[in-house]
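>>> Sequence plus the predicted model coming up.
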Amino acid sequence: MTEAVAVGIAGCGRVVERGYWPAIAGTTQLRLAGVADPDHGRRARIAPGIPGFGTVDELLSSVPLDVLVIATPPALHERVAVSAAAAGVRSIVEKPPAGNAEGAAALAALDPPPWIAFNRRFEPEVERLRDDHAEPGREIEVVLSIDARRWQAFEGSPGPLLDLGPHAVDVVCWTTGLPPRRVRCEPGRRGYQSFVLELDGAVGRLHLSHEAGWHELVRVGGATYLRRGGRVDRARRAATRRPGPLVATLRAELEAVGRAVRGVGQVDARLGSAAEGVLVMATLDAMALAAREPGTWVSVDDRMPACSR
C-alpha cells in the first residue's frame, strides 16, 4: 500500500476546522502530519493529537511534509509560501491567494510556484459546465452567498468580494477557458454586490453576498448546473450527517495535489495554477474599483501586474 501523503497546515481557522481537517481525516490517501498557528488553544481544539507549532518555520523544520496547505490570513500567504519553497515543500494557497494582483504575482514568481485552492473546480456540476460550455457568447450566472455570522471566521471576514469573488470569477473563467476583459458593477439583488464580467466571447453575471444567507447557483441560460442552500437544504444535509460539499471538494483537490507531488500520472487539470491566481486577483482588483464607480466599465488588463502581461 502506498504511504499516505503527509500534509501540513499553516493556519487553523474555520476553513481548516470545517473543511481541511475532516477532508484529510476521511481518506487514507492523506495524513495530517502537523499544523502551525500562534494560538495554542486553537491548534489543540481543531487538530487534537496532531503535532502543533507556533510558527510555520518550526513546522517545516520539525515534520517531514509532502505538501503544505496555506490557510493563514491572505496578508501572510506570500511569506509562508516563500518559507515552504525554501524548505523544498510544495504548497497550495487558500483563496484569495493574496490581497491584490501584485501579491498574487509574487506567489507566481516562486520556484516552484504554489497551487491555488480553487476547489470549486472539483464540484461535479462545475466540471460538467466546463465540458458543456462550447457555444460562444453564452452568459453564465453565478450566485454565491453565505451567512458570515454563522460562519464566524476567527480573523474576521474580508467581505464578499474577496471571500466569494475568487470562486465566482474562477468558475466563469475556468469553465469558459476565456480571459476576462472588463467588468462593471450594477444594481442587482437586494443585499448582493452584482457585477457584469465581459470575457472574450462570453459574459458572466456575478452576485455575491454575506447578508442573504446560504445560497449557491450556477446557471447558463435555461440550464441550471448547481443549486443549493436555504433552510430546507441545510436541514436535509444536517439530517443525513454526510460531509458537505466543502469537505468533498477539498478532499478531491488535496488528493490531486498528493498525486502531483508524488509524480503519479499527469497533473490534474483542475488544480489552480499561481498564474491563474494572478488573473483572478486582477479581475477582483478591477471589480473593487468598479464597485466605487457603479456603471463604469473597468479594464482587467489594466490591473494585471506588468510582470504578468
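Thanks, I have the structure now. Residues are numbered from 1 along each chain as shown.

>>> For the rest of this, base every contact and every neighbour count on C-alpha atoms.
OK.

>>> And stretch 158-175, what's buried?
160-175 (16 or more other CA atoms under 10 Å).

>>> can you pull the contacts of the residue lying closest to Ala291 once chain neighbours are set aside?
Nearest residue to Ala291 in three dimensions, chain neighbours excluded: Cys185, at 5.4 Å (CA to CA, 6 or more residues apart in numbering). Cys185 sits next to 193-196, 287, 290-291, 293-297 when contact means CA atoms under 8 Å, 6 or more residues apart in numbering.

>>> so what strands line up beside the helix or strand hosting Cys185?
For Cys185, the host element (DSSP states H and E) is strand 180-186. Sheet pairing of strand 180-186 (DSSP bridges) gives strand 193-199 (antiparallel), strand 298-299 (antiparallel).

>>> avg pLDDT for that strand?
What strand 180-186 shows for mean pLDDT is 97.

>>> Which parts of this protein are strands?
Along the chain, counting by DSSP state E, strands occupy 5-10, 30-36, 52-53, 67-70, 90-93, 115-116, 139-145, 180-186, 193-199, 202-209, 215-220, 223-229, 298-299.

>>> Turn those strands into a markdown table, including distance to Pro245.
A markdown table is the format used below for these (distance: least, CA to CA, whole Å):
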| stretch | distance to Pro245 |
| --- | --- |
| strand 5-10 | 20 |
| strand 30-36 | 18 |
| strand 52-53 | 27 |
| strand 67-70 | 19 |
| strand 90-93 | 19 |
| strand 115-116 | 18 |
| strand 139-145 | 14 |
| strand 180-186 | 27 |
| strand 193-199 | 24 |
| strand 202-209 | 19 |
| strand 215-220 | 11 |
| strand 223-229 | 10 |
| strand 298-299 | 33 |
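
>>> List just the one of these that sits closest to Leu129.
Among these, the nearest to Leu129 by CA to CA is strand 223-229 (6.8 Å).

>>> packing partners for that closest one?
Contact here means 3 or more CA pairs under 8 Å, 6 or more residues apart in numbering; DSSP states H and E; on that basis strand 223-229 packs against helix 124-132, strand 215-220.

>>> Tell me which of those is the most buried.
strand 215-220 (a mean of 18; mean count of other CA atoms under 10 Å).

>>> and the angle for it with strand 202-209?
Angle, strand 215-220 to strand 202-209, by axes from the mean of the first three to the mean of the last three CA atoms, to 10 degrees: 170 degrees.

>>> what pairs with strand 215-220, and is each one parallel or antiparallel?
In the sheet, strand 215-220 lines up against strand 139-145 (antiparallel), strand 223-229 (antiparallel) (DSSP bridges).

>>> pLDDT averaged over it - what is it?
Averaging pLDDT along strand 215-220 gives 94.

>>> Please apply the same query to stretch 129-144.
pLDDT averaged over stretch 129-144 gives 84.

>>> list the buried ones in that stretch?
So, applying 16+ other CA under 10 Å, buried residues of stretch 129-144: 129-130, 139-144.

>>> That one: how far from the chain's middle?
Mean-position distance between stretch 129-144 and its chain equals 19 Å (CA atoms, centre = their mean, to the nearest Å).

>>> didn't Leu279 look like it was pressed against Ala101?
Yes: look at Leu279 against Ala101 with CA atoms under 8 Å: they come within range, at 7.4 Å.

>>> where do the contact lists of these two overlap?
Shared contacts of Leu279 and Ala101 (CA under 8 Å, 6+ apart): Met304.

>>> Mind checking the pLDDT average for stretch 111-123?
Rounded mean pLDDT across stretch 111-123 is 96.

>>> I meant stretch 191-204, not that one.
94.

>>> What lies in contact with it?
Under CA under 8 Å, 6+ apart, the answer for stretch 191-204 is 136-142, 160-161, 172, 176, 178-188, 205-212, 287.

>>> start to end distance for it?
By CA to CA, to the nearest Å, the extent of stretch 191-204 from end to end equals 19 Å.

>>> and that stretch, which residues are buried?
Buried, per 16+ other CA under 10 Å, within stretch 191-204: 192-199, 202-204.

>>> how far does it sit from the chain's center?
In terms of CA atoms, centre = their mean, the centre of stretch 191-204 is found 19 Å from the chain centre.
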